[in-house]
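1. need a 3D model of the sequence below.
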Amino acid sequence: MASASVLALAAAGPASASEGEAPIHYVALGDSRAAGPTVGSQVVAEGCGRTSNGYPNLVAAALAPASFTDVACGGATTADVVDRDQITNPPVRKRVPVQASVLRPDTTLVTLSIGGNDLRWRGLLTPCFGTPTSGDRFCRDNPTIRSTMESRFVTLAAATDHVLQVIRQRSPIARIVVVGHGGYFGTQGCAPDARLSPGDATFVRAFFDRFDNVLAGSALRNNAVYVDVAAAAEGHDTCAAAGDRWFTGSVRRAQTPPNHPTPAGGAAMARLVLAALGV
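-> Below is the predicted model of the structure:
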């Protein structure tokens, strides 16, 4: 464990280098990538699905902050983070306050996982995933998918900029950490988790590379830190052996629902965030 001074400096904002060992006030924002849901966790309480597997809880355990508020919620979009209350997914269907409402002027650390629900990537990429007998789906050659991707990436870039600007306005001294969204899929498919031809697997992987480039670019433009999960996840995608898998694919694995981080994935993302903070 790093010293208290290192932890304070890691969590502090751009103007806080002379503040010494200022207390850490940590807020976690975002979608299910941060919430770390397990099977059934999204049908209790308000329906956000937060569990102790989510990387924010593990980051907080390592930092021992003076305060920690986790409002990450499954199904959240950029608008749910900064512009409006969210209605959680069925069967719960409860209204939860806009996530940015918990940000304070003395917040010193904010982590953010967002964008997947804006892109609606699972629906967009569904034609890429085959059945046991369908063979190559050639989704990489589908002009509708490609044009929709381009349009949604442009929209997401502006929306992510807006989120980071609102966070900065509400918490001007906070260090903001944007956590990448890649890592689910490699360049080869596997059944039943990722029924992808090699050509379509490469296309899906490139989609997430583009997604991460959007997030990284927004972080750069808005004085935030970007954490590259995809690079570290090489060999840990949904086709990896059970003990090495950081993400699920098309099917549930143990208590992790499809297309979500496993407990090992949540722990890995926490380590990457802590490393980015210098801890």
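2. in stretch 74-94, what counts as buried?
-> Residues of stretch 74-94 classed as buried under the neighbour-count rule (16 or more other C-beta atoms under 10 Å) are 74-82, 86, 88-89, 92. Any C-beta I mention is one placed from the backbone N, CA and C, and that applies to glycine too.
3. can you tell me which of the residues you listed are in helices?
-> 78-82 (DSSP state H).
4. now, the most widely separated pair of the buried residues of stretch 74-94?
-> Maximum pairwise distance among these (C-beta to C-beta): 22.3 Å, between Val82 and Val92.
5. show the pLDDT at the residue lying closest to Val229 once chain neighbours are set aside.
-> Excluding its sequence neighbours, the residue lying closest to Val229 (C-beta to C-beta, 6 or more residues apart in numbering) is Gly180, at 4.3 Å. As predicted, Gly180 sits at a pLDDT of 98.
6. and Gly180, its phi and psi?
-> Taking degrees, to the nearest 10, you get phi -60, psi 160 for the backbone angles of Gly180.
7. burial of it, as a residue count?
-> 26 (other C-beta atoms under 10 Å).
8. so it is in contact with Arg210, correct?
-> No. Gly180 is beyond contact range of Arg210, at 11.8 Å (criterion: C-beta atoms under 8 Å).
9. tell me the phi and psi of Gly189?
-> phi -90, psi 180.
10. meant to ask about Ala158, not that
-> phi -70, psi -40.
11. same deal with Val225?
-> phi -90, psi 130.
12. do the same with Val179
-> With angles defined as degrees, to the nearest 10, Val179 sits at phi -100, psi 130.
13. check contacts around it.
-> Contact analysis of Val179 by C-beta atoms under 8 Å, 6 or more residues apart in numbering lists 30, 33-34, 55, 111-113, 227, 229, 269, 272-273.
14. show me what it is bridged to.
-> Note on Val179: beta-bridge partners by DSSP bridges are Val227.
15. and the gap between it and Met149?
-> 21 Å (C-beta to C-beta, to the nearest Å).
16. please apply the same query to Leu58.
-> Taking C-beta to C-beta, one finds Leu58 at 32 Å from Met149.
17. again, but for Val177
-> 26 Å.
18. quick one, phi/psi of the residue nearest to the spatial centre of the chain?
-> Note on the chain: the residue nearest the mean C-alpha position is Ser113, at 3.2 Å, using C-alpha atoms, centre = their mean. With angles defined as degrees, to the nearest 10, Ser113 shows backbone torsions of phi -120, psi 120.
19. Asp200 now?
-> phi -70, psi -30.
20. quick one: residues contacting Glu234.
-> Counted by C-beta under 8 Å, 6+ apart, Glu234 has contacts Gly186.
21. tell me the SS of it?
-> Of the three states, Glu234 takes coil under DSSP: H, G, I helix; E, B strand; the rest coil.
22. just the pLDDT for Asn89.
-> pLDDT, Asn89: 88.
23. rewinding a little: turn the ones in helices among the buried residues of stretch 74-94 into a markdown table, including pLDDT and distance to Gln42.
-> Formatted as a markdown table, these follow (pLDDT from 0 to 100; distance: C-beta to C-beta, whole Å):
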| residue | pLDDT | distance to Gln42 |
| --- | --- | --- |
| Thr78 | 98 | 20 |
| Ala79 | 98 | 20 |
| Asp80 | 98 | 15 |
| Val81 | 98 | 18 |
| Val82 | 98 | 22 |
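24. let me see the ranges of the helices in the stretch 151-279 of the chain.
-> In the stretch 151-279 of the chain, the helices defined using DSSP state H, counting those that start in this stretch lie at 198-221, 229-232, 263-276.
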